[in-house]
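A.B. asks: Here is my input; please provide its structure:
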Amino acid sequence: MVLCEGTPDNSTSALTDISRQFFQAHVAMKSFVYLSNQPVKFIIVSDSRNVFKKIKALSEAWPPEQQSKLTLQFVSNFYPDEFKQLEKLFRPCSSQRLFVDQVLPEEDAVIYIDTDVIFMRSPVQLWNEFKRFDDKQMMAAAAPAWTSVKRKDDAAQVLL
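C.D. replies: A predicted model of the protein is given here:
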């Protein structure tokens, strides 16, 4: 999960946006952990250790059963020199997902979620999709929920 505070040269709306993202991140994490029957590791990529500390404090208010399933890790955000201009594009760190392979080189597989995701069933089902990959596949994407999908069968699933 990527959460960045931004710097004073970002727009004020981006700076105040972090409050909303904290709330969304808390809900996303809670839905992920509560619906999982396995341990969960959240890697928080941020431009500030304060962001990580706040996320950690929010999770410490959870029931012990849920806390025991959760591991949190802080990783500093990173942009390659040739792409530094993307760091402040749209919102602070919104393009960070493009470099997840460089930010998390030691991870073999990750589920990248935006802060506004709410899980309605076990994330283990999503994680198990990696088992369907062959040696030529590196990522999967799905249509956002806000698209005009009339039936479940119409939902687009793209495996690249």
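
A.B. asks: for this structure, what are the low-confidence residue spans?
C.D. replies: Residues of the chain that meet the criterion pLDDT under 70 lie in 7-16, 90, 140-160.

A.B. asks: and Asp101, how many residues sit next to it?
C.D. replies: Using other CB atoms under 10 Å, Asp101 has 11 neighbouring residues. (C-beta placed from N, C-alpha, C; glycine too.)

A.B. asks: export the helix ranked longest in the chain as CSV, just CAs?
C.D. replies: Using DSSP state H to define each element, the chain has its longest helix at helix 12-35. Taking Å, rounded to 0.1, in the frame of the first residue of the first chain, the C-alpha atoms of helix 12-35 are listed here in CSV:
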residue,chain,number,x,y,z
THR,A,12,-2.8,22.0,-0.5
SER,A,13,-5.5,19.6,-1.6
ALA,A,14,-3.0,16.8,-1.9
LEU,A,15,-1.7,17.6,1.5
THR,A,16,-5.1,17.4,3.1
ASP,A,17,-5.9,14.3,1.1
ILE,A,18,-3.7,12.2,3.4
SER,A,19,-6.4,12.3,6.1
ARG,A,20,-8.9,10.7,3.8
GLN,A,21,-6.3,8.2,2.7
PHE,A,22,-5.6,7.2,6.3
PHE,A,23,-9.2,6.4,6.8
GLN,A,24,-9.5,4.5,3.6
ALA,A,25,-6.2,2.6,4.3
HIS,A,26,-7.5,1.6,7.7
VAL,A,27,-10.7,0.3,6.3
ALA,A,28,-8.9,-1.6,3.5
MET,A,29,-6.5,-3.2,5.8
LYS,A,30,-9.2,-4.1,8.3
SER,A,31,-11.3,-5.8,5.6
PHE,A,32,-8.2,-7.6,4.3
VAL,A,33,-7.1,-8.9,7.8
TYR,A,34,-10.6,-9.7,9.1
LEU,A,35,-11.5,-11.8,6.1
